[in-house]
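S.K.: Sequence below, structure please.
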Amino acid sequence: MPATQKANEEMAKSLNLADQRDFENAARGLIAKPTGKILDADGKVLVDFSGFDFIQGAAPATVNPSLWRHALQNKQAGLFKVMDGIYQLRGFDISNMTLIEGKTGWIVVDPLTAREVSVVAIEFARKHLGNKPISAMIYTHSHVDHFGGVLGVLSKEDAAARKIPIIAPSGFMEEATSENVMVGVAMGRRSGYQFGKNLERSAKGFVDAGLGKNLAYGSFGLIPPTVLISQPTQELEVDGLRFVFHNVPNTEAPAELSFNLPDMKAYCGAEILAQTMHNLLPIRGAKVRDSLSWSRYLDEAVQENATTEVYFASHNWPVWGPANVTEFISKQRDMYRYIHDQTVRYMNAGYTPNEIANMVKLPKSLSSYFGVRGYYGDIRHNVKAVYQFYLGNYDGNPAHLNSLPPADAAKRYVALMGGANKTIAAAQKSFDEGDYRWAAELLNHVVFADGSNAKAKTLLARTYDQMGYMSESSTWRNSYLTASDELRNGPPTKGVSRANFLDVLMQTPVERFLDAMAAALNAEAAEDKNYKINLVFSDLKETHVLWIENAVLHHRKAPAASDANATLQLTHPIFIKMMANTANISDTLLSDDLKTSGSRIDLVRFFGLFDKAQGTFNVIVD
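M.R.: Numbering: from 1, shown residues only. The predicted structure follows:
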């Protein structure tokens, strides 16, 4: 469309897209490039190293030229030498695996997302660097793409037998397990939009993920840490090397660390630094992040790294030279502080989130620096995150205290506008004029009023196409294009399976699953029900009493209640499979794997009160 083409041309003119410094850094130190594909056990392609060969030359009309430039840099995949003793595997996953040469073996920093990918990556590294053992493991933070592939690099048995230190920030286990249990189904569904999980790799589909090429949806594992970094700054010797760790909680993750290797003059920025603006609240959903603390930690990093020769991190490519490292960290620091301060300034002037999102623009000194542009995060969404951090999602207007649900409001709006046909006609006019935001607003009402309106869905899909083609943010592009695909073809038939998280779930405290069970209780069905169940874990030697009162599920670790309707004795692994929906509860309750006493009928009725979220819910139609 002409409006899309014009917007992309104006973007290209506003930036020095020919600047080669990032291209040189992204390619620097390449030792070897991988080829072929990485498959899971069922033959599904997790990584295709030729899948992004179409990304070359000038940006096509269907991709924002700034994002295309970034995608060209992220396209670099392989084993890279950062400096003597430090190597990175990039392009195998959205995250990087860093190998630091210790006295006796490799210190691994962030073992990628999935076992299937990390085992290929470490074998590739050993082929070119030598077959050294793993001497230590460092998880920089609590997101799965930084620990989930650990079992492809190191077995639990080997880690225990050789007493390999597994280093992580304080609070790591709580945060790493909680994110995948309480709201894992909803977050998994939304992550499909953020990461373009079901989009084809093409100039009209998925081109990049901002932080890296793409996320590997394989099998996730976890070996619990043996060493926690609990002090603000904490020095440790790890396999003969001096590390200075820095706790940086509630920044990009609730539990996160960065570190210096002072004798090597190297700094790992974990994920508080990347070659892009990050999210203060990812569109997949998460706990909102503290932008002020984030900027303060980066200010400390500026001071700590005045003579640092190289910065490297969990995503994207490194930066070399003290002046360049200082500039990079300073720009990132100022970008987060600017977003925070200017949002708060407008908040105190009475502006609302949507208004502020259209008002705050980075100054030219920042917007012209590619390392802080919104390839992953987006300033408009980050402004809303700052607002939410301080004031919540309510904008202060009483009309929004008790707004109608979207479908109910949509039906009334469409009727007020003269019906679906007139609304679609108005949207078509806006679409033709390149006013895509207004076209989407109008058409969204039509499809929420009537999800079967094919004409509205088709035009809305075309609108989202154009919005995606214009987006500099990879996550916004992926979301628009995923919405477009689902308007045409419907939502996915399968959600993200918890079966992939079984090993992670095995490390999760029982209480966290019971909290998630309570949040899945169908309150309407549970009204006036007063079941009490003893849950006895034979292998853990502990008992939990569960009871329903006032349509709320309560649980308490306690001796078995004598007045319980039933007692269920089981092992922890069977319980995990039940919670992950890999074992049918009704069938399992009647199997020989469990022991029950009391009323089996009440036990079945009790478990029947809990919803089983499938993770395939509609997002863009009612």
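
S.K.: by contact count, what packs against the longest helix along the chain?
M.R.: The single longest helix within the chain, with elements called by DSSP state H, is helix 322-348. On a contact count with 3 or more C-beta pairs under 8 Å, 6 or more residues apart in numbering; DSSP states H and E, helix 322-348 meets helix 291-304, strand 310-312, helix 353-357, helix 364-367, helix 379-391. The way it works is simple: take the backbone N, C-alpha and C, and place the C-beta from them, glycine included.

S.K.: For Q428, which of those is the nearest?
M.R.: Across the helices and strands packed on helix 322-348, the minimum distance to Q428, taken as C-beta to C-beta, is reached by helix 353-357, at 24.7 Å.

S.K.: Quick one: list the elements packing against that closest one.
M.R.: Right, helix 353-357 is packed against helix 322-348, helix 379-391 by 3+ C-beta pairs under 8 Å, 6+ apart.

S.K.: CA-only coordinates of it in PDB, if you can.
M.R.: The C-alpha coordinates for helix 353-357 follow below in PDB (Å, rounded to 0.1, in the frame of the first residue of the first chain):
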ATOM      1  CA  PRO A 353      -1.400   6.100  29.200                       C
ATOM      2  CA  ASN A 354      -2.600   6.300  25.600                       C
ATOM      3  CA  GLU A 355      -2.000  10.000  25.500                       C
ATOM      4  CA  ILE A 356       1.500   9.700  27.000                       C
ATOM      5  CA  ALA A 357       2.400   6.900  24.600                       C
END
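
S.K.: how near is the nearest residue to A77 once chain neighbours are set aside to G212?
M.R.: For A77, ignoring the flanking residues on the chain, the nearest one in space by C-beta to C-beta, 6 or more residues apart in numbering is G91 at 2.4 Å. Computed with C-beta to C-beta, to the nearest Å, the distance linking G91 and G212 is 7 Å.

S.K.: Y346: what's it in contact with?
M.R.: Counting by C-beta atoms under 8 Å, 6 or more residues apart in numbering, Y346 makes contact with E355, I356, M359, V360.

S.K.: Any chance you could list what contacts stretch 165-173?
M.R.: 136-142, 147, 159, 223-230, 236, 238, 245, 247-249, 254-257, 507.

S.K.: and if we set it to 7 Å?
M.R.: If you take C-beta atoms under 7 Å, 6 or more residues apart in numbering as the criterion, stretch 165-173 is touched by 136-139, 141-142, 159, 223-230, 238, 247, 249, 254-257, 507.

S.K.: Over to stretch 374-383?
M.R.: 67, 70, 210-211, 276-281, 283, 339, 343, 356-357, 360, 362, 472-476.

S.K.: now stretch 252-269
M.R.: Applying C-beta under 7 Å, 6+ apart, the contact partners of stretch 252-269 are 83, 85-86, 109, 140-143, 169-172, 175, 229, 241-249, 270-272, 278, 287, 289, 301, 304-305, 307-313.

S.K.: same question, stretch 56-74
M.R.: Residues contacting stretch 56-74 (C-beta under 7 Å, 6+ apart): 5, 8, 11-12, 15, 17, 22-23, 26, 55, 203-204, 207-208, 212-213, 316-317, 373, 375, 469-472, 474, 477.

S.K.: are any of those residues buried, and which?
M.R.: 8, 11-12, 15, 22, 26, 55, 203-204, 207-208, 212-213, 316-317, 373, 375, 469-472, 474, 477 (16 or more other C-beta atoms under 10 Å).

S.K.: I'd assumed V447 was in a helix, is it?
M.R.: Yes. The assignment for V447, made by DSSP: H, G, I helix; E, B strand; the rest coil, places it in a helix.

S.K.: what sits against it?
M.R.: N453, A456, K457, L460, V621.

S.K.: and what of E309?
M.R.: When contacts are counted by C-beta under 7 Å, 6+ apart, E309 touches K265, A266, W320, P322.

S.K.: Mind listing the residues bridging to the third one?
M.R.: For W320, the beta-bridge partners under DSSP bridges are V310.

S.K.: do you know how far it is from G218?
M.R.: Distance from W320 to G218, counting by C-beta to C-beta: 32 Å.

S.K.: What of E10?
M.R.: On the measure of C-beta to C-beta, E10 and G218 end up 40 Å apart.

S.K.: Comparing these two, which residue is more hemmed in?
M.R.: For E10 versus G218, the count of surrounding residues by other C-beta atoms under 10 Å is larger for G218: 25 against 10.

S.K.: pretty sure that one belongs to a helix, no?
M.R.: No. Applying three-state DSSP, one finds G218 to be coil, outside a helix.

S.K.: where's Q234, which helix or strand?
M.R.: strand 233-238 (DSSP states H and E).

S.K.: ditto for S258
M.R.: Using DSSP H and E, S258 sits in strand 257-261.

S.K.: Tell me how many other residues surround G85.
M.R.: Counted with other C-beta under 10 Å, the neighbours of G85 add up to 16.

S.K.: Hmm, L99 and it touching each other?
M.R.: No. Under the criterion of C-beta atoms under 7 Å, G85 makes no contact with L99, lying 9.1 Å away.

S.K.: Now do the helices in the stretch 351-500 of the chain.
M.R.: Along the stretch 351-500 of the chain, counting by DSSP state H, counting those that start in this stretch, helices occupy 353-357, 364-367, 379-391, 406-416, 420-432, 436-449, 454-470, 474-489.

S.K.: Mind putting those helices into JSON lines with mean pLDDT and distance to A32?
M.R.: Below are the helices of the stretch 351-500 of the chain laid out as JSON lines (pLDDT from 0 to 100; distance: least, C-beta to C-beta, whole Å):
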{"stretch": "helix 353-357", "mean pLDDT": "96", "distance to A32": "44"}
{"stretch": "helix 364-367", "mean pLDDT": "97", "distance to A32": "36"}
{"stretch": "helix 379-391", "mean pLDDT": "97", "distance to A32": "37"}
{"stretch": "helix 406-416", "mean pLDDT": "95", "distance to A32": "51"}
{"stretch": "helix 420-432", "mean pLDDT": "97", "distance to A32": "48"}
{"stretch": "helix 436-449", "mean pLDDT": "96", "distance to A32": "44"}
{"stretch": "helix 454-470", "mean pLDDT": "97", "distance to A32": "34"}
{"stretch": "helix 474-489", "mean pLDDT": "96", "distance to A32": "27"}
